[in-house]
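Chemist: Need coordinates for the following:
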Amino acid sequence: MAAELFISGNTAGMHVSRILTKLGAATRTEAAAVAREHGLV
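Modeler: Residues are numbered from 1 along each chain as shown. The predicted model follows:
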C-alpha cells in the first residue's frame with residue numbers, strides 16, 4: 001500500500017492506526033466489519 005501511495009511503511013501504518021481508532025476497532029478485520037455496517041464500503 002505504501003509503495004502505491006509513495007509514502008513510507010511507517011506513514012501508512014500510522015494512517016491505518018488512526019482509522020482503526022476513529023472506527024473504534026481493534027483490528028483491520030473489525031474495522032472492515034464496522035465500515036460495512038455503516039455503509040462505508
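Chemist: C-alpha from now on. contacts and neighbour counts both.
Modeler: OK.
Chemist: Quick one: low-confidence residue ranges for this protein.
Modeler: Residue ranges of the chain with pLDDT under 70: 1-2.
Chemist: most distant residue from the middle of it?
Modeler: Phe6 (17.0 Å; CA atoms, centre = their mean).
Chemist: quick one: that residue from Ala26, how far?
Modeler: Distance from Phe6 to Ala26, counting by CA to CA, to the nearest Å: 26 Å.
Chemist: go on, Arg18?
Modeler: Using CA to CA, Arg18 is found at 11 Å from Ala26.
Chemist: next one: Arg36
Modeler: According to CA to CA, Arg36 and Ala26 sit 15 Å apart.
Chemist: can you check Gly39 too?
Modeler: 19 Å.
Chemist: Look at the two and report which has more neighbours.
Modeler: Ala26 (11 against 8; other CA atoms under 10 Å).
Chemist: Check the secondary structure at the more buried one for me.
Modeler: The three-state label given to Ala26 by DSSP: H, G, I helix; E, B strand; the rest coil is coil.
Chemist: For Leu20, grab the count of nearby residues.
Modeler: Per other CA under 10 Å, the neighbour tally for Leu20 reads 19.
Chemist: Tell me if I'm right that it and Ala31 touch.
Modeler: Yes. Using CA atoms under 8 Å, Leu20 is in contact with Ala31, at 6.1 Å.
Chemist: Identify the contacts common to the two.
Modeler: Contact with both Leu20 and Ala31 is made by no residue, according to CA atoms under 8 Å, 6 or more residues apart in numbering.
Chemist: Can you list the buried residues in the helix or strand where Ile19 lies?
Modeler: According to DSSP states H and E, Ile19 maps onto helix 9-23. Across helix 9-23, burial judged by 16 or more other CA atoms under 10 Å covers 17, 20.
Chemist: Tabulate the CA atom coordinates of that helix in CSV.
Modeler: Provided in CSV are the C-alpha atoms of helix 9-23 (Å, rounded to 0.1, in the frame of the first residue of the first chain):
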residue,chain,number,x,y,z
GLY,A,9,5.5,2.0,5.6
ASN,A,10,5.5,3.8,8.9
THR,A,11,3.3,6.6,7.5
ALA,A,12,0.9,4.1,6.1
GLY,A,13,0.8,2.2,9.4
MET,A,14,0.1,5.5,11.2
HIS,A,15,-2.9,6.2,8.9
VAL,A,16,-4.2,2.7,9.5
SER,A,17,-3.9,3.1,13.2
ARG,A,18,-5.8,6.4,13.1
ILE,A,19,-8.6,4.9,11.0
LEU,A,20,-8.9,2.0,13.5
THR,A,21,-9.2,4.5,16.3
LYS,A,22,-11.8,6.5,14.6
LEU,A,23,-13.9,3.4,13.9
